[in-house]
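Student: Mind folding the following:
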Amino acid sequence: MARKGGTPEERPALTRDLIVATALALVERDGAKALSMRRIAAELGAGTMSLYNHVPDRDSLVEAMAREVFAGLDVPPPAPGTDWKETARALVAAFGVAARRHPRSMYLVLTSRVGLEVPWRTAEGALAVLVGEGFDGATSVRVLRALMSFAIGAQMMVEGALKMPDEPEAAAHFRALGIPEGLLCPDLEGDFAIGLELLLSALDRLPRTRP
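Tutor: Residues are numbered from 1 along each chain as shown. The predicted model follows:
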């Protein structure tokens, strides 16, 4: 019986890019626990050891996956006079696009010590904008972390990791507190928009060396 990858003549040449693309597809289909060199080799119809000619170890593979997941996360330098909050909105929006493209792989790289190095390198431009706006270095890093934490939390909501209770008893309790019942229905876009603006407004009031 032919292996999943087909005959040697039918299989594409084994490359680093192909291995990374296969790893991403495997994680998106079967989850992060499915990621292993053996599983990727089986998907490609190749020998496990042949993968190590292109990817030396699992950490290197996850780092390469992170680069692909976060491709496009960089935000173009803002035009002179642009409000820093516009750059922040663009960065959070770019993160959302990346998360929707590879939701399970995004979770994998964000929970990986190796993968975390990549998105922070792509954030250098955003840090430069914050420093240019008068935030000191430490505050700039904390502002960026706050923005990315918000973006990650919002993605968890989208993926259903956090939900409002929908049991009848819980709904009755909320009504007793005077909370409109309609607010119990998910409005992720609305919640995200107002949450981001509240966060930006608070961050904008942090001390700076200039207005």
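Student: Ranking helices and strands of this structure by mean pLDDT, which lands last?
Tutor: helix 117-122 (a mean of 61; mean pLDDT, DSSP states H and E).
Student: C-terminal to it, what's the next element?
Tutor: helix 124-132 (DSSP states H and E).
Student: What are the buried residues along that following helix?
Tutor: 126-127, 129-130 (16 or more other CB atoms under 10 Å). To be clear about C-beta, it is placed using only N, CA and C from the backbone, and glycine gets the same treatment.
Student: And the helix or strand encompassing residue 198, how far out from the chain middle?
Tutor: Residue 198 belongs to helix 188-204 when assigned by DSSP H and E. Centroid separation between helix 188-204 and its chain, computed with CA atoms, centre = their mean, to the nearest Å, is 18 Å.
Student: Not counting that helix itself, show me its contacts.
Tutor: With CB atoms under 8 Å, 6 or more residues apart in numbering as the test, helix 188-204 has contacts from 85, 88-89, 92, 143, 146-147, 150, 154, 157-158.
Student: Looking at those, which are in helices?
Tutor: 85, 88-89, 92, 143, 146-147, 150, 154, 157-158 (DSSP state H).
Student: and which of those residues is nearest residue 37?
Tutor: Residue 37 lies nearest to residue 158 out of the ones in helices among the contacts of helix 188-204, by CB to CB, at 30.7 Å.
Student: pLDDT score assigned to that closest one?
Tutor: Residue 158 carries a pLDDT value of 64.
Student: Could you do residue 138 as well?
Tutor: Reported pLDDT for residue 138: 93.
Student: SS state for residue 206?
Tutor: Three-state call for residue 206 (DSSP: H, G, I helix; E, B strand; the rest coil): coil.
Student: Can you name the residues that contact it?
Tutor: Counting by CB under 8 Å, 6+ apart, residue 206 has contacts 135, 139, 143.
Student: For residue 209, give me its contacts.
Tutor: By CB under 8 Å, 6+ apart, the contact list for residue 209 reads 134, 136.
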